[in-house]
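# with the sequence up front, the predicted model follows.
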Amino acid sequence: MKMSLRWYGEGNDSVTLKQIRQIPGVKGVITSLYNTTPGEVWTVEGIKAMQKTVADGGLEIYGIESVNVHDEIKSAGKNRDLYIKNYIESLENLGKCDVHLVCYNFMPVFDWTRSNLAKERADGSTVLAYDQREVDKIDPNNLAESIDKMSNGFILPGWEPERMGKIKELFDEYKDVNNERLFENLVYFLKAIMPTCDKYNIDMAIHIDDPVWSVFGLPRIITHKEAILKLMEAVPNTHNGVTLCTGSLSSNPKNDIPEIIRSLKGRIHFAHVRNTFHEAEGVFEESAHLSCDGSLDMYAIMKAFHEIGFNGVIRPDHGRMIWDEVAMPGYGLYDRALGANYLLGLWEAIEKQAK
Ligand code: DNO
(Lines give C-alpha, C1' and ligand atoms only; values in the text may rest on other atoms or scores of the structure.)
Protein backbone atom coordinates (compact mmCIF):
# COMPACT_ATOMS: atom_id res chain seq x y z
CA MET A 1 0.00 0.00 0.00
CA LYS A 2 1.36 3.40 -0.97
CA MET A 3 0.18 6.29 1.19
CA SER A 4 -0.23 9.60 -0.61
CA LEU A 5 -1.77 13.02 -0.26
CA ARG A 6 -3.71 14.93 -2.88
CA TRP A 7 -1.88 18.06 -3.95
CA TYR A 8 -3.39 20.85 -6.03
CA GLY A 9 -0.20 22.28 -7.48
CA GLU A 10 1.91 25.31 -6.85
CA GLY A 11 -0.07 28.52 -6.63
CA ASN A 12 -3.34 26.61 -6.13
CA ASP A 13 -2.71 24.71 -2.93
CA SER A 14 -2.06 26.25 0.48
CA VAL A 15 -0.20 23.06 1.39
CA THR A 16 3.39 22.81 0.18
CA LEU A 17 5.31 19.78 -1.06
CA LYS A 18 7.75 20.35 1.79
CA GLN A 19 4.94 19.97 4.31
CA ILE A 20 3.65 16.83 2.61
CA ARG A 21 7.13 15.34 2.58
CA GLN A 22 7.33 15.78 6.35
CA ILE A 23 4.27 13.61 6.97
CA PRO A 24 5.71 10.26 8.06
CA GLY A 25 4.93 7.48 5.60
CA VAL A 26 3.95 9.74 2.70
CA LYS A 27 6.31 9.59 -0.26
CA GLY A 28 4.02 10.47 -3.12
CA VAL A 29 1.25 12.77 -4.22
CA ILE A 30 -1.82 12.54 -6.35
CA THR A 31 -2.21 15.56 -8.55
CA SER A 32 -3.49 16.89 -11.85
CA LEU A 33 -2.64 19.40 -14.56
CA TYR A 34 -4.76 22.15 -13.08
CA ASN A 35 -4.29 24.55 -15.96
CA THR A 36 -6.14 22.26 -18.37
CA THR A 37 -9.88 22.09 -18.91
CA PRO A 38 -11.85 18.87 -19.45
CA GLY A 39 -11.45 17.76 -23.06
CA GLU A 40 -8.05 19.35 -23.56
CA VAL A 41 -5.05 17.18 -24.48
CA TRP A 42 -2.41 16.85 -21.79
CA THR A 43 1.02 17.40 -23.32
CA VAL A 44 4.19 15.49 -22.49
CA GLU A 45 5.86 18.81 -21.68
CA GLY A 46 3.10 19.75 -19.24
CA ILE A 47 3.24 16.38 -17.51
CA LYS A 48 7.05 16.40 -17.34
CA ALA A 49 7.08 19.91 -15.84
CA MET A 50 4.65 18.79 -13.15
CA GLN A 51 6.75 15.69 -12.45
CA LYS A 52 9.85 17.85 -12.11
CA THR A 53 8.17 20.18 -9.61
CA VAL A 54 7.08 17.23 -7.50
CA ALA A 55 10.47 15.49 -7.77
CA ASP A 56 12.23 18.73 -6.76
CA GLY A 57 10.01 18.66 -3.67
CA GLY A 58 11.36 15.19 -2.83
CA LEU A 59 8.18 13.36 -3.77
CA GLU A 60 6.82 11.24 -6.59
CA ILE A 61 3.59 11.44 -8.55
CA TYR A 62 1.70 8.24 -7.76
CA GLY A 63 -1.25 8.98 -9.98
CA ILE A 64 -3.59 11.56 -11.46
CA GLU A 65 -6.82 12.77 -9.93
CA SER A 66 -8.42 13.52 -12.23
CA VAL A 67 -8.19 13.47 -15.97
CA ASN A 68 -11.70 14.85 -16.17
CA VAL A 69 -14.11 13.38 -18.67
CA HIS A 70 -15.82 15.95 -20.87
CA ASP A 71 -19.61 16.19 -20.48
CA GLU A 72 -20.04 15.39 -24.18
CA ILE A 73 -18.54 11.95 -23.51
CA LYS A 74 -20.87 11.43 -20.56
CA SER A 75 -23.94 12.61 -22.44
CA ALA A 76 -22.94 11.13 -25.86
CA GLY A 77 -22.98 14.59 -27.39
CA LYS A 78 -22.06 15.22 -31.01
CA ASN A 79 -18.37 15.72 -30.26
CA ARG A 80 -17.92 12.72 -28.03
CA ASP A 81 -15.55 10.86 -30.38
CA LEU A 82 -13.37 13.92 -30.69
CA TYR A 83 -13.16 14.23 -26.91
CA ILE A 84 -12.45 10.52 -26.55
CA LYS A 85 -9.64 10.91 -29.08
CA ASN A 86 -8.23 13.75 -26.97
CA TYR A 87 -8.58 11.66 -23.81
CA ILE A 88 -6.67 8.82 -25.47
CA GLU A 89 -3.93 11.24 -26.43
CA SER A 90 -3.69 12.44 -22.83
CA LEU A 91 -3.45 8.84 -21.65
CA GLU A 92 -0.73 8.09 -24.20
CA ASN A 93 1.25 11.08 -23.01
CA LEU A 94 0.82 10.05 -19.38
CA GLY A 95 1.95 6.54 -20.28
CA LYS A 96 5.01 7.92 -22.04
CA CYS A 97 5.84 9.80 -18.82
CA ASP A 98 5.47 6.60 -16.78
CA VAL A 99 2.22 7.54 -15.05
CA HIS A 100 0.00 4.49 -14.64
CA LEU A 101 -2.95 5.49 -12.46
CA VAL A 102 -5.84 7.75 -13.50
CA CYS A 103 -8.83 8.59 -11.33
CA TYR A 104 -11.96 10.00 -12.97
CA ASN A 105 -15.66 10.22 -12.33
CA PHE A 106 -18.71 9.83 -14.50
CA MET A 107 -21.13 12.10 -12.65
CA PRO A 108 -23.10 14.45 -14.91
CA VAL A 109 -22.60 18.22 -14.49
CA PHE A 110 -21.52 18.27 -10.85
CA ASP A 111 -18.76 16.36 -9.17
CA TRP A 112 -19.33 15.74 -5.44
CA THR A 113 -22.11 17.80 -3.82
CA ARG A 114 -22.33 19.24 -0.30
CA SER A 115 -24.75 21.67 1.30
CA ASN A 116 -22.21 23.11 3.73
CA LEU A 117 -18.43 23.31 3.37
CA ALA A 118 -17.81 24.57 6.89
CA LYS A 119 -20.27 23.10 9.35
CA GLU A 120 -19.08 23.89 12.83
CA ARG A 121 -18.73 21.00 15.23
CA ALA A 122 -18.81 21.12 19.03
CA ASP A 123 -15.00 21.25 19.21
CA GLY A 124 -14.83 24.30 16.93
CA SER A 125 -13.52 22.39 13.92
CA THR A 126 -15.43 22.71 10.66
CA VAL A 127 -16.36 19.97 8.24
CA LEU A 128 -18.05 19.39 4.90
CA ALA A 129 -21.63 18.31 5.34
CA TYR A 130 -24.63 17.20 3.34
CA ASP A 131 -28.26 17.67 4.25
CA GLN A 132 -30.80 16.60 1.66
CA ARG A 133 -33.37 19.03 3.13
CA GLU A 134 -30.98 21.90 2.39
CA VAL A 135 -30.12 20.60 -1.06
CA ASP A 136 -33.83 20.35 -1.90
CA LYS A 137 -34.11 24.10 -1.32
CA ILE A 138 -31.25 24.95 -3.67
CA ASP A 139 -31.81 26.01 -7.26
CA PRO A 140 -29.10 24.05 -9.12
CA ASN A 141 -28.39 27.20 -11.16
CA ASN A 142 -27.21 28.88 -7.97
CA LEU A 143 -25.41 25.93 -6.46
CA ALA A 144 -22.04 26.71 -8.03
CA GLU A 145 -22.27 30.25 -6.69
CA SER A 146 -23.05 29.17 -3.15
CA ILE A 147 -20.28 26.54 -3.23
CA ASP A 148 -17.91 29.21 -4.50
CA LYS A 149 -18.81 31.51 -1.58
CA MET A 150 -17.94 28.77 0.89
CA SER A 151 -14.63 27.80 -0.69
CA ASN A 152 -12.21 30.17 1.13
CA GLY A 153 -11.19 31.64 -2.23
CA PHE A 154 -10.00 28.31 -3.68
CA ILE A 155 -11.36 26.75 -6.85
CA LEU A 156 -12.78 23.42 -5.82
CA PRO A 157 -12.11 20.33 -7.91
CA GLY A 158 -15.05 19.62 -10.18
CA TRP A 159 -16.51 23.09 -9.65
CA GLU A 160 -14.47 25.01 -12.19
CA PRO A 161 -16.11 28.39 -12.93
CA GLU A 162 -15.86 27.97 -16.74
CA ARG A 163 -18.03 24.85 -16.63
CA MET A 164 -20.34 26.14 -13.95
CA GLY A 165 -20.94 29.28 -16.01
CA LYS A 166 -22.71 27.08 -18.55
CA ILE A 167 -24.91 25.24 -16.13
CA LYS A 168 -28.18 25.64 -18.06
CA GLU A 169 -26.64 24.24 -21.27
CA LEU A 170 -25.10 21.42 -19.26
CA PHE A 171 -28.45 20.42 -17.78
CA ASP A 172 -29.95 20.52 -21.28
CA GLU A 173 -27.29 18.17 -22.57
CA TYR A 174 -28.49 15.52 -20.14
CA LYS A 175 -32.22 15.88 -20.62
CA ASP A 176 -32.48 12.51 -22.46
CA VAL A 177 -29.84 10.74 -20.42
CA ASN A 178 -31.16 8.34 -17.81
CA ASN A 179 -29.15 5.82 -15.77
CA GLU A 180 -29.16 3.23 -18.57
CA ARG A 181 -27.95 5.69 -21.18
CA LEU A 182 -25.27 7.03 -18.87
CA PHE A 183 -24.06 3.50 -18.24
CA GLU A 184 -23.92 2.79 -21.99
CA ASN A 185 -21.95 5.98 -22.53
CA LEU A 186 -19.50 4.96 -19.84
CA VAL A 187 -19.01 1.51 -21.35
CA TYR A 188 -18.53 3.09 -24.80
CA PHE A 189 -15.85 5.37 -23.37
CA LEU A 190 -14.06 2.58 -21.51
CA LYS A 191 -14.05 0.23 -24.47
CA ALA A 192 -12.52 2.98 -26.60
CA ILE A 193 -9.70 3.72 -24.17
CA MET A 194 -8.84 0.17 -23.03
CA PRO A 195 -6.37 -0.58 -25.89
CA THR A 196 -4.36 2.49 -24.84
CA CYS A 197 -4.54 1.43 -21.19
CA ASP A 198 -3.29 -2.02 -22.19
CA LYS A 199 -0.45 -0.58 -24.23
CA TYR A 200 0.76 1.77 -21.47
CA ASN A 201 -0.40 -0.27 -18.48
CA ILE A 202 -2.69 2.48 -17.19
CA ASP A 203 -5.19 1.66 -14.47
CA MET A 204 -8.40 3.64 -14.81
CA ALA A 205 -10.10 4.11 -11.46
CA ILE A 206 -13.66 5.39 -11.52
CA HIS A 207 -14.64 7.35 -8.42
CA ILE A 208 -17.80 6.42 -6.54
CA ASP A 209 -20.64 8.93 -7.05
CA ASP A 210 -20.95 11.35 -4.17
CA PRO A 211 -23.53 11.18 -2.73
CA VAL A 212 -24.65 7.86 -4.13
CA TRP A 213 -28.06 9.01 -5.30
CA SER A 214 -29.47 11.29 -7.93
CA VAL A 215 -28.98 14.98 -7.19
CA PHE A 216 -31.15 17.56 -9.02
CA GLY A 217 -32.69 14.78 -11.11
CA LEU A 218 -29.37 13.92 -12.81
CA PRO A 219 -28.52 10.24 -13.29
CA ARG A 220 -26.02 8.51 -11.02
CA ILE A 221 -24.72 4.99 -11.63
CA ILE A 222 -21.68 4.21 -9.46
CA THR A 223 -23.58 3.89 -6.27
CA HIS A 224 -23.57 0.40 -4.74
CA LYS A 225 -22.03 -3.05 -4.98
CA GLU A 226 -24.14 -4.49 -7.81
CA ALA A 227 -23.82 -1.33 -9.91
CA ILE A 228 -20.04 -1.32 -9.57
CA LEU A 229 -19.77 -5.04 -10.34
CA LYS A 230 -21.99 -4.53 -13.38
CA LEU A 231 -19.45 -2.07 -14.73
CA MET A 232 -16.55 -4.39 -13.93
CA GLU A 233 -18.29 -7.16 -15.89
CA ALA A 234 -19.32 -4.96 -18.82
CA VAL A 235 -15.66 -4.12 -19.45
CA PRO A 236 -13.81 -7.08 -17.93
CA ASN A 237 -10.32 -5.69 -18.54
CA THR A 238 -8.55 -5.25 -15.16
CA HIS A 239 -7.47 -1.76 -16.27
CA ASN A 240 -11.12 -0.88 -15.78
CA GLY A 241 -11.10 -0.45 -12.03
CA VAL A 242 -12.34 1.61 -9.14
CA THR A 243 -11.38 4.44 -6.81
CA LEU A 244 -12.89 2.95 -3.69
CA CYS A 245 -14.04 6.03 -1.81
CA THR A 246 -15.32 5.02 1.61
CA GLY A 247 -16.82 8.43 2.33
CA SER A 248 -18.88 8.50 -0.86
CA LEU A 249 -20.12 4.94 -0.38
CA SER A 250 -21.00 5.69 3.22
CA SER A 251 -23.51 8.36 2.18
CA ASN A 252 -25.85 5.38 2.01
CA PRO A 253 -25.36 3.37 5.23
CA LYS A 254 -26.80 0.31 3.46
CA ASN A 255 -23.51 0.04 1.58
CA ASP A 256 -21.49 -2.60 3.42
CA ILE A 257 -18.07 -1.16 2.63
CA PRO A 258 -15.82 -4.05 3.77
CA GLU A 259 -17.96 -6.41 1.74
CA ILE A 260 -17.82 -4.15 -1.33
CA ILE A 261 -14.03 -4.02 -0.99
CA ARG A 262 -13.82 -7.82 -0.83
CA SER A 263 -16.08 -8.17 -3.88
CA LEU A 264 -13.73 -5.97 -5.91
CA LYS A 265 -10.51 -7.92 -5.41
CA GLY A 266 -8.06 -7.01 -8.18
CA ARG A 267 -10.18 -4.10 -9.41
CA ILE A 268 -9.47 -1.45 -6.76
CA HIS A 269 -6.63 0.66 -8.07
CA PHE A 270 -6.94 3.62 -5.75
CA ALA A 271 -8.44 4.10 -2.29
CA HIS A 272 -9.89 7.27 -0.76
CA VAL A 273 -10.34 6.51 2.89
CA ARG A 274 -12.32 8.74 5.22
CA ASN A 275 -15.06 8.50 7.82
CA THR A 276 -18.47 10.13 7.96
CA PHE A 277 -20.92 10.67 10.75
CA HIS A 278 -24.39 9.69 9.64
CA GLU A 279 -27.13 11.62 11.38
CA ALA A 280 -30.28 10.59 9.49
CA GLU A 281 -31.22 9.45 6.01
CA GLY A 282 -29.63 11.91 3.59
CA VAL A 283 -27.91 13.83 6.38
CA PHE A 284 -24.24 13.29 7.10
CA GLU A 285 -21.04 15.13 7.89
CA GLU A 286 -17.40 14.31 7.30
CA SER A 287 -15.88 13.42 10.63
CA ALA A 288 -12.25 12.85 11.59
CA HIS A 289 -10.82 9.62 10.18
CA LEU A 290 -10.98 7.70 13.46
CA SER A 291 -13.69 5.06 13.88
CA CYS A 292 -14.75 6.60 17.19
CA ASP A 293 -15.55 9.94 15.53
CA GLY A 294 -17.89 8.73 12.79
CA SER A 295 -20.20 5.93 11.71
CA LEU A 296 -17.69 3.72 9.90
CA ASP A 297 -15.54 0.94 11.29
CA MET A 298 -12.20 2.01 9.82
CA TYR A 299 -10.43 -1.06 11.19
CA ALA A 300 -12.83 -3.36 9.34
CA ILE A 301 -12.34 -1.30 6.18
CA MET A 302 -8.53 -1.43 6.33
CA LYS A 303 -8.70 -5.13 7.17
CA ALA A 304 -10.79 -5.76 4.05
CA PHE A 305 -8.19 -3.94 1.94
CA HIS A 306 -5.52 -6.12 3.52
CA GLU A 307 -7.49 -9.30 2.93
CA ILE A 308 -7.75 -8.68 -0.82
CA GLY A 309 -4.01 -8.00 -1.00
CA PHE A 310 -4.49 -4.34 -1.87
CA ASN A 311 -1.11 -2.86 -2.78
CA GLY A 312 -2.25 0.21 -4.69
CA VAL A 313 -2.27 3.88 -3.84
CA ILE A 314 -4.32 5.15 -0.92
CA ARG A 315 -4.93 8.61 0.41
CA PRO A 316 -6.69 10.05 3.40
CA ASP A 317 -9.65 11.94 2.07
CA HIS A 318 -11.28 15.17 3.14
CA GLY A 319 -10.13 16.35 6.51
CA ARG A 320 -11.72 18.68 9.03
CA MET A 321 -10.47 22.25 9.20
CA ILE A 322 -8.62 22.45 12.52
CA TRP A 323 -6.02 24.52 14.35
CA ASP A 324 -7.15 27.69 12.52
CA GLU A 325 -5.87 26.50 9.18
CA VAL A 326 -7.16 28.34 6.12
CA ALA A 327 -7.21 25.99 3.16
CA MET A 328 -9.43 24.56 0.49
CA PRO A 329 -12.40 22.98 2.30
CA GLY A 330 -11.60 19.32 2.93
CA TYR A 331 -7.99 19.71 1.82
CA GLY A 332 -6.11 21.30 4.68
CA LEU A 333 -2.81 19.83 5.84
CA TYR A 334 -3.39 19.06 9.50
CA ASP A 335 -6.35 16.76 9.60
CA ARG A 336 -5.32 14.86 6.49
CA ALA A 337 -1.86 14.31 8.02
CA LEU A 338 -3.55 12.95 11.15
CA GLY A 339 -5.76 10.78 8.94
CA ALA A 340 -2.82 9.41 6.97
CA ASN A 341 -1.01 8.41 10.12
CA TYR A 342 -4.07 6.86 11.70
CA LEU A 343 -4.57 4.74 8.58
CA LEU A 344 -0.88 3.81 8.50
CA GLY A 345 -1.14 2.78 12.17
CA LEU A 346 -4.11 0.55 11.49
CA TRP A 347 -2.29 -0.96 8.52
CA GLU A 348 0.86 -1.72 10.51
CA ALA A 349 -1.16 -3.48 13.19
CA ILE A 350 -3.15 -5.48 10.64
CA GLU A 351 -0.02 -6.51 8.76
CA LYS A 352 1.84 -7.57 11.88
CA GLN A 353 -1.12 -9.51 13.18
CA ALA A 354 -1.46 -11.33 9.86
CA LYS A 355 2.13 -12.58 10.00
C1 DNO B 1 -13.59 15.31 -3.91
C2 DNO B 1 -12.96 14.28 -4.75
C3 DNO B 1 -13.61 14.24 -6.12
C4 DNO B 1 -12.86 13.30 -7.04
C5 DNO B 1 -13.49 13.19 -8.39
C6 DNO B 1 -12.77 12.17 -9.24
O7 DNO B 1 -12.96 15.89 -3.09
O8 DNO B 1 -12.94 13.05 -4.17
O9 DNO B 1 -13.61 15.52 -6.63
O10 DNO B 1 -11.57 13.78 -7.22
O11 DNO B 1 -14.81 12.84 -8.30
O12 DNO B 1 -12.88 12.53 -10.57
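The structure has been received and is ready for your questions.
# for the most centrally placed residue in the chain, phi and psi?
The chain has residue 207 as the residue nearest its centroid, 5.2 Å off, counting by Cα atoms, centre = their mean. With angles defined as degrees, to the nearest 10, residue 207 sits at phi -80, psi 140.
# kindly report the same for the one 5 residues further on.
The phi and psi values for residue 212, taken as degrees, to the nearest 10, are phi -90, psi 40.
# that one against residue 249, yeah?
Yes - under the criterion of Cβ atoms under 8 Å, residue 212 makes contact with residue 249 at 6.6 Å. Quick note: C-beta positions are derived from backbone N, CA and C, even for glycine.
# joint contacts of these two?
224, 255 (Cβ atoms under 8 Å, 6 or more residues apart in numbering).
# what about those two, which has more around it?
More crowded of residue 212 and residue 249, by other Cβ atoms under 10 Å: residue 249, with 29 against 20.
# any idea what sits nearest residue 134, other than its immediate chain neighbours?
residue 115 (3.8 Å; Cβ to Cβ, 6 or more residues apart in numbering).
# the one you found and residue 128, how far apart?
Computed as Cβ to Cβ, to the nearest Å, the residue 115 to residue 128 distance reads 9 Å.
# these two: which is more packed in?
Legend: neighbour count by other Cβ under 10 Å for residue 115 and residue 128, higher for residue 128 (24 against 21).
# which helices and strands sit right next to the helix or strand hosting the more buried one?
If you go by DSSP states H and E, residue 128 is part of strand 126-131. Where contact means 3 or more Cβ pairs under 8 Å, 6 or more residues apart in numbering; DSSP states H and E, strand 126-131 is packed against strand 116-120, strand 283-286.
# got a list of contacts for that strand?
So strand 126-131 is contacted by 113-121, 211, 251, 282-287, 318, 320-321, 329-330 (Cβ under 8 Å, 6+ apart).
# same thing with stretch 305-312?
Under the criterion Cβ under 8 Å, 6+ apart, residues 1-2, 101, 203, 261-262, 264-266, 268-271, 314, 347, 350-351, 354 lie in contact with stretch 305-312.
# so among the residues you listed, which ones count as buried?
With burial judged by 16 or more other Cβ atoms under 10 Å, the buried subset of these is 1-2, 101, 203, 261, 264, 268-271, 314, 347, 350.
# near the ligand too, which of the contacts of strand 126-131?
Among the contacts of strand 126-131, the residues within reach of the ligand (Cβ under 6 Å from any ligand atom) are residue 330.
# need the buried ones from the contacts of strand 126-131 selected in PyMOL.
The buried residues among the contacts of strand 126-131 can be selected in PyMOL (16+ other Cβ under 10 Å) with this line:
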select buried, resi 113+114+115+116+117+118+119+121+211+251+282+283+284+285+286+287+318+320+321+329+330
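# the strand holding residue 128 vs the ligand: in contact?
No - if you take Cβ under 6 Å from any ligand atom as the test, strand 126-131 misses the ligand, and the best it gets is 8.5 Å.
# which other helices and strands does the worst-scoring helix or strand of the chain on mean pLDDT contact?
Ranked by mean pLDDT, DSSP states H and E, the weakest helix or strand in the chain is helix 161-164, scoring a mean of 80. Contacts defined by 3+ Cβ pairs under 8 Å, 6+ apart place helix 161-164 against helix 140-149.
# residue 12 and residue 156, how far apart?
Remark: distance between residue 12 and residue 156 (Cβ to Cβ) = 11 Å.
# which residues does the residue nearest to residue 134 contact?
Residue 115 makes contact with 129, 130, 131, 134, 135, 138 under the criterion Cβ under 8 Å, 6+ apart.
# what helix or strand is the fourth one on?
To tie it back to what came earlier, the one meant is residue 134. Using DSSP H and E, residue 134 sits within helix 132-137.
# closest to residue 22 out of the helices and strands packed on strand 126-131?
In terms of Cβ to Cβ, the element of these nearest to residue 22 is strand 283-286, at 24.1 Å.
# elements contacting the closest one?
strand 126-131, strand 276-280.
# what is whichever strand or helix holds residue 352 packed up against?
Residue 352 belongs to helix 334-354 when assigned by DSSP H and E. If contacts are counted by 3+ Cβ pairs under 8 Å, 6+ apart, helix 334-354 sits against strand 2-6, helix 298-307, strand 313-316.
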